[in-house]
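**Student:** Turn this into a model:
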Amino acid sequence: MTQLDDIAPALLERLRCARRVMALTGAGVSAESGIPTFRGADGAGFWGRYDPHDLASRAGYERNPQRGWAWYAMRRAQLHSVEPNPAHYALARLGDYYPGFTLVTQNVDGLHERAGSRDVIELHGNLAHVKCLVEDTPVAWNEPPDAPVVTEEMMERGEWPEVPRCPQCGGLLRPDVVWFGEMLPAIAFARAEIAAQDCQICFVVGTSAEVYPAASLPETARRWGALIVEINPEATSLSRWADLSLRGPAGVLLPALAEMITQKI
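**Tutor:** Residues are numbered from 1 along each chain as shown. This next block holds a predicted model:
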């Protein structure tokens, strides 16, 4: 017997009949595609190898923009070697099933979109997008086809590419992701809050739900009467009041749960 076999029939019926649903995803979902988390166990995450104050803060970027740009170029290059995993595809399937479905992610890798999810709310930005460091406005930019593929070895040797500049003001470009000390995009978070207040079901997948303000979204959903479904390999601070808390990889549990929800009965 599996955890899914233990789901109460009444709870499963609520999952099947809901119309307005929100899902909040975190780094654990993308980790199953081979993307390191930032705070992995035993120093396996990005911040076990790199100083976040150098690479993910405005002050650090301004001190050494070439190194910062190179690091994000390396991360963009790493995305070419990974694919969406079954959890990404299961969320896309749920998005097609529920009439009102909002996918909110803390990830910046674009894998949800590649799996077919539409209109994803990206709370922390997207690695593929850039903006002007001076004007703080989005800039249309594509990686030049002849740009060197930055590797960790190049990072360590200091072989950093030049930082492109804004076509409007000439200022340096930066990745359009949220750095330490920066606010989440106001419109994106406002949309996420509205979804949290309106949803009947809130899936929380691959995130510890401890980093605010994103962590407030499941709390908001619960206050407004939503059923909370958590999928995570380990217990979190959310587990004690989740209506359904499933332990294990999202790439295994979420497709099975999506099948149970969407199957014709």
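
**Student:** where does the residue most central in space within the chain fall, phi/psi-wise?
**Tutor:** In the chain, the residue lying closest to the centroid (C-alpha atoms, centre = their mean) is residue 107, at 1.9 Å. Reported as degrees, to the nearest 10, the phi and psi values for residue 107 are phi -90, psi 160.

**Student:** ok, it touching residue 25?
**Tutor:** Yes - the criterion here is C-beta atoms under 8 Å, and residue 107 meets it with residue 25 at 6.4 Å. All C-beta atoms are positioned from the backbone trio N, CA, C, and that covers glycine.

**Student:** Give me the three-state assignment for residue 130.
**Tutor:** With DSSP: H, G, I helix; E, B strand; the rest coil as the basis, residue 130 sits in strand.

**Student:** That one: what's it in contact with?
**Tutor:** By C-beta atoms under 8 Å, 6 or more residues apart in numbering, residue 130 lies in contact with 138-139, 141, 164, 173-176.

**Student:** Just those: which are in strands?
**Tutor:** Counting by DSSP state E, the part of the contacts of residue 130 found in strands is 138-139, 173-176.

**Student:** Need the worst-confidence member of the contacts of residue 130.
**Tutor:** The member of those with the lowest pLDDT is residue 141, at 90.

**Student:** What about it, how many residues nearby?
**Tutor:** 15 (other C-beta atoms under 10 Å).

**Student:** about what we covered before: and the residue nearest to the residue nearest to the centre of the chain when sequence neighbours are not counted, how many neighbours does it have?
**Tutor:** Closest residue to residue 107 apart from its sequence neighbours, by C-beta to C-beta, 6 or more residues apart in numbering: residue 30 at 5.1 Å. Burial of residue 30 is recorded as 28 neighbouring residues (other C-beta under 10 Å).

**Student:** Flag the shaky bits of this structure, pLDDT-wise.
**Tutor:** 1-2, 37-50, 264-265 (pLDDT under 70).

**Student:** can you pull out the strands in it?
**Tutor:** For the chain, the strands defined by DSSP E cover 20-25, 100-105, 121-122, 125-132, 138-139, 173-177, 201-205, 227-232, 244-247.

**Student:** how close does the closest residue in space to residue 127 that isn't next to it in sequence sit to residue 79?
**Tutor:** Nearest non-adjacent residue to residue 127, counting by C-beta to C-beta, 6+ apart: residue 108, 4.9 Å away. As judged by C-beta to C-beta, to the nearest Å, residue 108 and residue 79 stand 10 Å apart.

**Student:** Equivalent analysis for residue 163, please.
**Tutor:** Relative to residue 79, residue 163 is positioned 20 Å away (C-beta to C-beta).
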